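In: got a sequence here, can you model it:
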Amino acid sequence: MATSQKDNKRILLLPVTQTQLCFDKNDFVKKDFCVDEFVAKCRQKVSLETLRENLEMYFKLLKNAMIELINKDYADFVNLSSNLVGMDKSIEILREPLNKINVVVEETQELMSNKVIELEHALKEQSNLKRRRQLLKHMKGLIDAVDKIEHIQNAEEFKAEQVSERIAGEFNQLQHHAVFCKNLPVLTQIRPRIAEITGNLQKSLERELVEGIVDGEAKKIHRCLNSYALIGKISDAENLVRLHIINPQLQQIMMEHDRQVSVPKLKQLFTRILDFLSHNLRFICDITSGRKTKTGQQFRGILGYDFIVNSAWPAIVTSFENHLAELFATEDSDLFHQRYVQCMQFVGSVERLCGSQASINRMRESESSSNLMTHWSLPMYFQIRFQKIGRAFISSLADPCAEVCDPSLGFRLNASCAVWICIETCWKDEVFIVSLIHRFWKLTLQLISRYTTWVNQMLPVKGEDKVATTEGKLANFNIDQMAALVHDLDILNAKMKALYERVIVPYAEQQKLKDISILKDALTDQLDGLLNKKEEIVHFIVNKLVEQSIGFLRQAQDVPRLFRKTNRAAPTDASSYVGFVAKPCTSFYSVQAVYMDSGMLSDWLTQFVNEISTRFHSVVFDVLTSVRKMEESLMRLQKMRGGRSSAGNLSALGGGEGQLSDDDKIRLQLYLDVENFGKQMTNCGVEMNKVCKYQDLLKLVEESRTPASSGSTTQ
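Out: Here you go, the predicted structure:
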């Protein structure tokens, strides 16, 4: 802190520069200033010549600042020497008493140092004596505890229950004293006696515990387990329970089971083991946990025991490994799944027998649980499922338009139905395993992606009327099948979203995944990529319908030939070509109306009508223009001849008074054709009054009739 204040004062004394320098002037007052580092730092910015000029400039500035400072305090500089006159005598007067004080202080300091050393030595001796006194106390306590335990064990007048409890208490004291007597000769000398005491105590407790469990004496079991807890041998008691109670019973159950691993037999095996744990081992657990036993007795709880986790569970897993090796076989994936589900349900039932959540956590983190899960080859199981599901979907692409395997699903194409069945299979209870959720989720996205690739291959190739199949060949794919594909895309999208919310999300929450929104985003991306193909497919369908119809529109050009100078009667029905123009659309509508949404189908056909109306308008306009020109030409010709004969010839050309002329018949026929086309499209669900192109066409033929009709009436 003081150093930084000094540096700040030095910085404040530096003069302020008027021009920008290539270095920081504060660098010169730093304690760690280094010339080489300063020059190297400045050379990165400017050349040496510029640095030299800046240094000379700053040197002159410092020199001027120093001169100004001296001139400012010149009087003080001059009086400095005169003020120091006589200072030597004053210093000499003070020198002698200061030296005496210095000597006294040094003597006192030396004396205090010696006393501190003596005190520290005394305290150290006192500490050593205290430590030795404690060691003697522990040694005496150790010997007394050994003598007392030997006396109790050799005495015959004590009852068994009194012996076990007193010995456990004394043995606990013995262990306490032995910890402090570690590495002392007395412990080495008395160790054989301690070993004999320990052996006798363990035999006594083991015998008493086994007798208590066999006879069902809760009081004796509680006393024995409490003794084990007092001497810190809880694990020995748990091992005894596993060795004398659990292992023989499990051995008997396994022998009767005879290594059968069928699902019904497994269920019976797990039920028998759970019954044993619930009736026999639960009795001991109730005693140590402080709960009421089945006999109505209740004891003080004993901390540290966990017979389910430390005694029963390792023995159960070992029995499975030794007697049920075929339980973990993966050859039959369906059977493997059934066995795995049965086993996991059994594990859950065992966890419910644990007394607390901490006990459940210890069981899940135990080595036995890790060994059990290692035997279940889940990656191999998923690989088998992956191959079956993938093979089923790929085989369906060989004939994507075949009859769907399950019509009740609502799909129209075999490929679409197959991909949904494969996706649904991934999440069926008979297939899905919760711990493999990440793998089945990835497979689901892969199936959608592969289906999207197939849809891309089904899309039309530009300049071709064919589409690519999965084998890379070209196959005809008609518009009905394309419409079925659009229908299937919507169905698949709806079913996938429902499956995600109903099945996948609960599984993800069960696994406690941190961010479930990632799954939804991935699924949305896949489905959006699939639905984006609909527009292209619809465009293909409309174009195909237009291509099939547009060729028949040329026959409208033959209408004048049918009526000019043929004396045919006025038309009352539409031409035959109109039926051919509308037939692709009506046929498509009759097939798709059963499956497709009426609004969607109407939108598609509206696009078709727009295109056809545009082409129809062009053809009709050309015909009407030709008719009008022909009519005008004949009228000019007749007028050029003049006279009554001209009127008579013109009347004959028109077909006589009160009759339609040939041109009027042509216009009427075109009107009937356009009107009939509109009626057929209306029957297909198209709102013709909203189709602008058709309304323009209808207006054209209606207006073309008006002048001709009035002209005919005048004549």
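
In: so how far is Trp427 from Leu436?
Out: 11 Å (C-beta to C-beta, to the nearest Å). No exception for glycine: its C-beta is placed from N, CA and C like everyone else's.

In: look up phi and psi at Asn532.
Out: Backbone geometry at Asn532, expressed as degrees, to the nearest 10, gives phi -70, psi -20.

In: so where does Lys31 fall, helix or strand?
Out: Following DSSP states H and E, one finds Lys31 outside all helices and strands.

In: if I look at it, how far off is Cys42?
Out: 20 Å.

In: who has more neighbours, those two?
Out: Applying other C-beta atoms under 10 Å to Lys31 and Cys42 shows that Cys42 carries more neighbours, namely 20 against 7.

In: was I right to think the more buried one contacts Asp24?
Out: No: counting by C-beta atoms under 8 Å, Cys42 does not reach Asp24; the two are 9.7 Å apart.

In: ok, Ser377 touching Ser333?
Out: No: counting by C-beta under 8 Å, Ser377 stays clear of Ser333, with 11.1 Å between them.

In: so between those two, which is more surrounded?
Out: Ser333 (18 against 15).

In: OK, contacts around that one?
Out: 381, 384-385, 388 (C-beta atoms under 8 Å, 6 or more residues apart in numbering).

In: please repeat the previous calculation with a cut-off of 7 Å.
Out: Shown in contact with Ser333 (C-beta atoms under 7 Å, 6 or more residues apart in numbering): 381, 384-385.

In: what's the first helix or strand after the helix or strand of the chain with the lowest mean pLDDT?
Out: The weakest-scoring helix or strand in the chain, judged by mean pLDDT, DSSP states H and E, is strand 474-475 (a mean of 36). Next helix or strand after strand 474-475 toward the C-terminus (DSSP H and E): helix 479-499.

In: list the buried residues in that following helix.
Out: Across helix 479-499, burial judged by 16 or more other C-beta atoms under 10 Å covers 479-489, 491-492, 495-496, 499.

In: one more: stretch 244-253?
Out: With burial defined by 16+ other C-beta under 10 Å, the residues of stretch 244-253 counted as buried are 245-246, 249-250, 253.

In: helices - which of these land there?
Out: Counting by DSSP state H, the members of the buried residues of stretch 244-253 that fall within helices are 249-250, 253.

In: possible to save those as JSON lines with distance to Phe621?
Out: JSON lines is the format used below for those (distance: C-beta to C-beta, whole Å):
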{"residue": "Gln249", "distance to Phe621": "99"}
{"residue": "Leu250", "distance to Phe621": "96"}
{"residue": "Ile253", "distance to Phe621": "95"}
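
In: what is the nearest of those to Asp662?
Out: For these, the minimum distance to Asp662 (C-beta to C-beta) is 106.2 Å, reached by Ile253.

In: dump the residue contacts of the closest one.
Out: The contact partners of Ile253, by C-beta under 7 Å, 6+ apart, come to 269, 272-273.

In: report the distance from the longest helix anywhere in the chain to the chain centre.
Out: Determined from DSSP H, the single longest helix within the chain is helix 87-154. For helix 87-154, the separation from the chain centroid amounts to 67 Å (computed by C-alpha atoms, centre = their mean, to the nearest Å).

In: show me what that helix is packed up against.
Out: Contact here means 3 or more C-beta pairs under 7 Å, 6 or more residues apart in numbering; DSSP states H and E; on that basis helix 87-154 packs against helix 160-180, helix 185-215.

In: any idea which of these scores lowest on pLDDT?
Out: Within those, confidence is poorest for helix 160-180, with a mean of 62 (mean pLDDT).

In: which stretches of the stretch 551-700 of the chain form helices?
Out: Assigned by DSSP state H, counting those that start in this stretch, the helices in the stretch 551-700 of the chain fall at 559-563, 576-592, 598-641, 643-654, 662-683, 692-714.

In: how far away is Ser598 from Leu562?
Out: 38 Å.

In: more crowded one of the two?
Out: Between Ser598 and Leu562, Leu562 has the larger neighbour count (other C-beta under 10 Å), namely 14 against 10.

In: look at the closest residue to that one other than its chain neighbours and report its pLDDT.
Out: Using C-beta to C-beta, 6 or more residues apart in numbering and skipping the chain neighbours, the partner closest in space to Leu562 is Arg568 (6.6 Å). pLDDT, Arg568: 80.

In: cool, and Ile491?
Out: 91.

In: next one: phi and psi at the residue lying closest to it once chain neighbours are set aside?
Out: Distance criterion C-beta to C-beta, 6+ apart; nearest residue to Ile491, sequence neighbours excluded, is Gly410 at 5.1 Å. For Gly410, the backbone dihedrals are phi 100, psi 0 (criterion: degrees, to the nearest 10).

In: which residues in the stretch 401-550 of the chain form helices?
Out: With helices called from DSSP H, counting those that start in this stretch, the stretch 401-550 of the chain shows them at 414-426, 437-458, 479-499, 505-510, 517-531, 534-550.

In: and among these, the most buried is which?
Out: Most buried of these, by mean neighbour count (mean count of other C-beta atoms under 10 Å): helix 414-426, with a mean of 22.

In: packing partners of that one?
Out: Judged by 3+ C-beta pairs under 7 Å, 6+ apart, helix 414-426 is in contact with helix 378-397, helix 437-458, helix 479-499.

In: got the contact list for the shortest one?
Out: When you say that, I think you mean helix 378-397. 330, 333, 336, 414-415, 418-419, 422, 425-426, 431, 433, 435-436, 439, 443, 447, 450, 454, 470.

In: can you rerun that using 8 Å?
Out: Helix 378-397 is contacted by residues 330, 333, 336-337, 340, 402, 414-415, 417-419, 421-422, 425-426, 431, 433, 435-436, 439-440, 443, 447, 450-451, 454, 469-470 when judged by C-beta under 8 Å, 6+ apart.

In: likewise stretch 531-548?
Out: Applying C-beta under 8 Å, 6+ apart, the external contacts of stretch 531-548 come out as 452, 455-456, 459-460, 465, 478-479, 482-483, 485-486, 489-490, 493, 584-585, 588, 604, 607-608, 611-612, 615.

In: just for the stretch 551-700 of the chain, where's the confidence low?
Out: Along the stretch 551-700 of the chain, the model assigns pLDDT under 70 to residues 642-659.

In: circling back: closest to Gln260 out of the buried residues of helix 479-499?
Out: Taking C-beta to C-beta as the measure, Gln260 sits nearest to Leu499 out of these, at 37.0 Å.

In: would you confirm that that closest one contacts Thr425?
Out: No: the criterion here is C-beta under 8 Å, and Leu499 misses it with Thr425 at 11.4 Å.

In: no more questions from me, cheers.
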